[in-house]
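Colleague: Sequence first, predicted coordinates after that:
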Amino acid sequence: MFKDKEIEKLIKAEQKRQADGLEMIPSENHTSEQVLAAMGTRLSDKYSEGYPGMRYYGGCEVVDKVENLARDRAKELFGVTHANVQPHSGSPANQAIYYALVDPGDTVMGMSLYFGGHMTHGLKVNFSGTYYNSVQYTTDKEGFMDYEAIYELAQEHKPKLIMSGTTAYPRIIDWKKMREIADSVGAFLAADISHISGLVVSGDHPSPAGIVDVIMTTTHKTLRGPRGAMILANGNPSNPLKKPERTVENIPSLIDRAVIPGLQGGPHNHQTAAIAVALGEALTPDFKKYGNQVAKNAKVLSEELTKLGFNLVTGGTDNHLMVVDLNNKNISGKEGERALGLAGITVNKNTIPFDPRSPFDPSGIRLGTPALTTRGMKQKEMKQVAQWINMAVENNKDEKKLAQLHAEITAFTKDFPLPS
Ligand code: DSN
């Protein structure tokens, strides 16, 4: 495969690590071989700053078609009229939304990272909390979004942009309530659906399309594409040479100008092609079944973990993930992540609402079902996975026992290969 044996060895080692264990970080997934194949192509060699039909380089006639295909599929899938498929990933895509809609120093509002938001939603050490006056909302004590409290905070601070969306929230987001809050202060409303976009496609989570002003999603989580991101909106870009006013109608132009020349250089055309492939897959009935199964699996896993005495933030899940409070198990999130990792179950440590511990060693872990569902696991397997999670947590100091569990899990995974 590779002439570079050092890198070949590492690629094979990572492939084996994924195949021999259970990837349960809810933002991860396994793409199809078709998506992987599109990424390893000559499209990677091509520079094409600009947009289809308006490039700064020659030789873009083929990549124009690639990008248009990705844009058309994105529009069809999410029911919008404009798609920008060039953001290199989620954080740069959110940066483009800020750049397009607000000025440095303006007030912006988003969910605190420590309550399930994202660092680009206004964390003080992130650009979004440094260049903008960021106001952060939290959840209630049980971990549910508290729309009344968010409304009150908006009245107090009058943000110009509200970022709604989450990375560690196990429940449905009420886009209409967020719209009412944004309208009450005249703010732009953005939805970051990176975690749930696959569930939006399958109908397991309501779509924000037609409710919010602009949508951002990464392409590699439940959507199961390559790493990357898209920004979606309604309306059509206007004359690219004229600076648009900051209005809702102008969001397509504002976003396109923010991505390039505002923030990025050349699009990654191999990545765009792989996004087009993933979107093509997401348009099939099989993908809808996949999303439905992700949600069913998460529900069963959450019920089984609860039966085994685990405390789940909000008491369960409505989507693909759950946040488990390990306080009653007498281990920290960091220790939980380590023990599960040794058993071959990859999760990440995570804060719980009002966490008394530090984010570097918080009280909880975050886990989800997108990658296991891609491998064909269903409700029956989730019951077994819950048992393994429990055994790993119960035996977290016993390295021998954890190694035995890993061997057992590796044997089990042989019936659930990575996509081929
Ligand atoms: N890193 C992603 C996650 O794990 O949710 C968010 O960007």
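Modeller: Received the coordinates, thanks. Residues are numbered from 1 along each chain as shown.

Colleague: and the closest residue to the ligand within the stretch 251-400 of the chain, how many neighbours does it have?
Modeller: Closest approach between the stretch 251-400 of the chain and the ligand, counting by Cβ to the nearest ligand atom: residue 348, at 6.9 Å. The way it works is simple: take the backbone N, C-alpha and C, and place the C-beta from them, glycine included. Number of residues near residue 348 (other Cβ atoms under 10 Å) recorded here: 21.

Colleague: Show me what the one helix or strand residue 340 maps to is packed up against.
Modeller: Secondary structure assignment for residue 340, by DSSP states H and E: helix 333-342. Helix 333-342 sits against strand 348-350, strand 364-368, helix 379-394, helix 399-413, with contacts defined as 3 or more Cβ pairs under 8 Å, 6 or more residues apart in numbering; DSSP states H and E.

Colleague: Quickly compare the ones you listed and say which is most buried.
Modeller: strand 364-368 (a mean of 29; mean count of other Cβ atoms under 10 Å).

Colleague: hmm, back to that, want to throw the helices and strands packed on helix 333-342 into CSV with mean pLDDT?
Modeller: Compiled in CSV, these are given as follows (pLDDT from 0 to 100):
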stretch, mean pLDDT
strand 348-350, 98
strand 364-368, 98
helix 379-394, 98
helix 399-413, 98
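
Colleague: What parts of this structure come near the ligand?
Modeller: 27, 90, 118, 167 (Cβ under 6 Å from any ligand atom).

Colleague: among the residues you listed, which two are most distant?
Modeller: Greatest spacing in the residues of the chain next to the ligand, by Cβ to Cβ: 27 and 118 (10.3 Å).

Colleague: Which neighbours do these two have in common?
Modeller: 167, 194 (Cβ atoms under 8 Å, 6 or more residues apart in numbering).

Colleague: Between those two, which has more neighbouring residues?
Modeller: residue 118 (24 against 20).

Colleague: Just the pLDDT at the nearest residue to residue 409 once chain neighbours are set aside, thanks.
Modeller: Residue nearest to residue 409 in three dimensions, not counting chain neighbours: residue 344, with 4.3 Å by Cβ to Cβ, 6 or more residues apart in numbering. Reading off the confidence values, residue 344 has pLDDT 98.

Colleague: OK, now which residue of the stretch 101-250 of the chain is nearest to the ligand?
Modeller: Taking Cβ to the nearest ligand atom as the measure, the stretch 101-250 of the chain has residue 167 as its residue closest to the ligand, at 3.6 Å.

Colleague: That residue: what's it in contact with?
Modeller: With contact set as Cβ under 8 Å, 6+ apart, residue 167 has these partners: 27, 113, 116, 117, 118, 194, 195.
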